[in-house]
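Q: Sequence first, then the predicted structure, then my questions.
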Amino acid sequence: MCPQKKMDIEDLRNALFSYLIAKKEDGEFILRIDDANQNLYSLEAEESIYTILSFFGLTYDEGPKKEVENVSYIQSERLPIYKSYAEKLVKRGKAYYCFCTKEELNRKRLEASEEKTSYLYDRVCRNFPKDEANRKILSGEKYVIRETMPEVGQTSFRDLVYGDITILNATLEDQILIKSDGTPTYNFANVLDDALFNITHVISSTKFLTSTPKYLLLYEDLGFPLPEFIHIPEILTDKKDILTDLLGQGFIPSAILNYIAFLGWNPKNTKEFFTLEELIKEFKIESIGKRPTHFDLKKLEWFNKKYIQNMNDTEYINYVRPFLEKFYNMEGKEESWIHHLLLLNKNRISFAAEIGLTAHMFFASEVEYDEECIAFLKSDSSIQNTLRILKKEVETTENWNLETIKEILKHIEIESGVTGKLLYMPIRIATIGIMRGPNLIDCLYLLGRDTILERLKN
RNA sequence: GGCCUGUUGGUGAAGGGGUUUAACACGCCACCCUCUCAAGGUGGUAUUCACGGGUUCGAAACCCGUACAGGCUACCA
């Protein structure tokens, strides 16, 4: 994991797939923090990795918390190791010191691009005599260590998702392993760490697909056994920080995980609900897709709604209540009232924060009618009479409960002679202020006698 | 510029030469239920698989081109 920006949806999906593959293969899921570049490091980002992984139940078997044989999984603490391996490669003739400056290289690259040709490092330092190189280094001259790439032939590997990938060696640059400040490049550090930690399955974004032959060559030069390579498709989104947003809106982790599992994978049957355990059982590397997928909020909302519907009442109340309390002041509200309100919205909301919208009518200090309401109130001559009777009935009702409210409605029906929509809609508009909402009787009950009389004043 | 990968409805996708008049799910639309909305139920929603050629008795599936998209081509990760 990369501690440069907060974990987002694609990082989570990648972690999920890695987790599933590790469990599937009876292996270990290892967390490594790739913070070799301290300039780009962000503490907030690193912490988000721990909190999010644990929040989603993707527990790692090994990670930065423990130290194993004095080796931490945080790269910055192991910088000397990379250097020593690079030196080893130099000794074996698989790598060499290079004294070319950035300026020189940039100039050459620019010239090449002006001529519309590609530039690969021209390998001027490749055949530098060793003792002279050592002399330069001793005298304090800056250098990088580059890998000696083969000039002819091709390099192939089998990706478990994308199949056989072949790259011409002539297109490979003598890649830098150790930068002039002595730190390893990302590519080198990763390959070395993966090898040193005996990583068997390298799962990464398709972004690294074309770099993989380079990694492969590094494994060979280093003399390590090759891992399996699994590249997984990109997730296309038009927004950033989606995950933070989702969590803020109260989306359920298991619902997010369930949805995310389908981003680049599917069970090849029509099953759609999966727990993490079921995913472990049914996930197959062969079923990972090749094409980039779009993140679809609507579908996630549907999943989340289904998860809400599957909760029992207690679970549900515990889930949404914090959000209700965040939006509205619960002072003086009875427990049973809060529960009634919450439950009334159980199959109306897609995610917890939506309670803020659906419960609005019970907390608004005043109701404002929109044009549709106003038009309706004028649509029939019986309406004013209905409301007049409603007011009278409410005023004379002592006990305010679902039963008495039902009776009130019955009385209005008899006295006014109207039924159906013409009976209910005016009451609905006059009390909750909108034409759409939950069951009227429940609404009236929750609103309470006083609020209703207040709203019926005008 | 070179190289790699991908392209099935608005979205996720199944299907890997013939039972496909392209499954299933989201979305959307209509209807039913109903005081309204939501939920639930029923149905509709792809003149056909990016395009053009080829192979074949037969192609969404195999091959070749083209287009488009993304990635790599950094002393970024």
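A: Cool, got the structure.

Q: Isn't A:Ser416 up against A:Asn385?
A: Yes - the criterion here is CB atoms under 8 Å, and A:Ser416 meets it with A:Asn385 at 5.7 Å. Just so you know, the C-beta spots here come from the backbone N, C-alpha and C atoms, and that holds for glycine as well.

Q: quick one: which of those two has more around it?
A: Remark: of A:Ser416 and A:Asn385, A:Ser416 carries more neighbours, 19 against 16, as counted by other CB atoms under 10 Å.

Q: Apart from its chain neighbours, what residue comes closest to the more buried one?
A: Distances taken as CB to CB, 6 or more residues apart in numbering put A:Thr386 closest to A:Ser416, at 4.9 Å, once the chain neighbours are dropped.

Q: need the strands for chain A, in chain order.
A: If DSSP state E is used as the criterion, the strands of chain A fall at A:95-98, A:144-147, A:154-159, A:163-168, A:176-178, A:201-205, A:228-232, A:235-236, A:293-294.

Q: Switch those strands over to JSON lines; also include distance to RNA strand B.
A: Shown next, in JSON lines, are those (distance: least, CB to the nearest atom of the strand, whole Å):
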{"stretch": "strand A:95-98", "distance to RNA strand B": "7"}
{"stretch": "strand A:144-147", "distance to RNA strand B": "5"}
{"stretch": "strand A:154-159", "distance to RNA strand B": "8"}
{"stretch": "strand A:163-168", "distance to RNA strand B": "5"}
{"stretch": "strand A:176-178", "distance to RNA strand B": "4"}
{"stretch": "strand A:201-205", "distance to RNA strand B": "8"}
{"stretch": "strand A:228-232", "distance to RNA strand B": "8"}
{"stretch": "strand A:235-236", "distance to RNA strand B": "7"}
{"stretch": "strand A:293-294", "distance to RNA strand B": "4"}
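
Q: With mean pLDDT and mean neighbour count added, can I get those in CSV?
A: Listed next are those as CSV, based on pLDDT from 0 to 100; neighbours: other CB atoms under 10 Å:
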stretch, mean pLDDT, mean neighbour count
strand A:95-98, 95, 23
strand A:144-147, 96, 23
strand A:154-159, 93, 15
strand A:163-168, 91, 12
strand A:176-178, 96, 24
strand A:201-205, 94, 19
strand A:228-232, 95, 21
strand A:235-236, 92, 16
strand A:293-294, 93, 14
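
Q: right, and those - which one's nearest A:Tyr60?
A: strand A:201-205 (13.8 Å; CB to CB).

Q: can you list contacts of the closest one?
A: A:10, A:14, A:17-18, A:21-22, A:25, A:27, A:194, A:215, A:227-232, A:234 (CB atoms under 8 Å, 6 or more residues apart in numbering).

Q: That one: partners in the sheet, and parallel or antiparallel?
A: strand A:228-232 (parallel) (DSSP bridges).

Q: Please compute how far the partner strand lies from its chain's middle.
A: Distance of strand A:228-232 from the chain centroid (CA atoms, centre = their mean, to the nearest Å) equals 20 Å.

Q: State which one residue of the stretch 101-250 of chain A is found closest to RNA strand B.
A: A:Ser118 (2.4 Å; CB to the nearest atom of the strand).

Q: A:Glu111 versus that residue, what's the distance?
A: According to CB to CB, to the nearest Å, A:Ser118 and A:Glu111 sit 12 Å apart.

Q: next one: A:Gly448
A: Going from A:Gly448 to A:Glu111 by CB to CB gives 80 Å.

Q: How far does stretch A:356-366 stretch from one end to the other?
A: 16 Å (CA to CA, to the nearest Å).

Q: Only the buried residues of it, if you could.
A: A:Gly356, A:Thr358, A:Ala359, A:Met361, A:Phe362 (16 or more other CB atoms under 10 Å).

Q: Provide a list of residues in contact with A:Leu12.
A: A:Ile52, A:Phe56, A:Leu243, A:Ile256, A:Ile260.

Q: One more: A:Tyr307?
A: Counted by CB under 8 Å, 6+ apart, A:Tyr307 has contacts A:Ile252, A:Ser254, A:Ala255, A:Asn258.

Q: The residues you listed into JSON lines, with extra columns for pLDDT?
A: Converted to JSON lines, the contacts of A:Tyr307 look like this (pLDDT from 0 to 100):
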{"residue": "A:Ile252", "pLDDT": "97"}
{"residue": "A:Ser254", "pLDDT": "96"}
{"residue": "A:Ala255", "pLDDT": "97"}
{"residue": "A:Asn258", "pLDDT": "96"}
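
Q: Mind pulling up the pLDDT for A:Tyr307?
A: Here, the pLDDT recorded for A:Tyr307 equals 97.

Q: go on, A:Met311?
A: For A:Met311, the predicted pLDDT is 96.

Q: Understood, closing this out.
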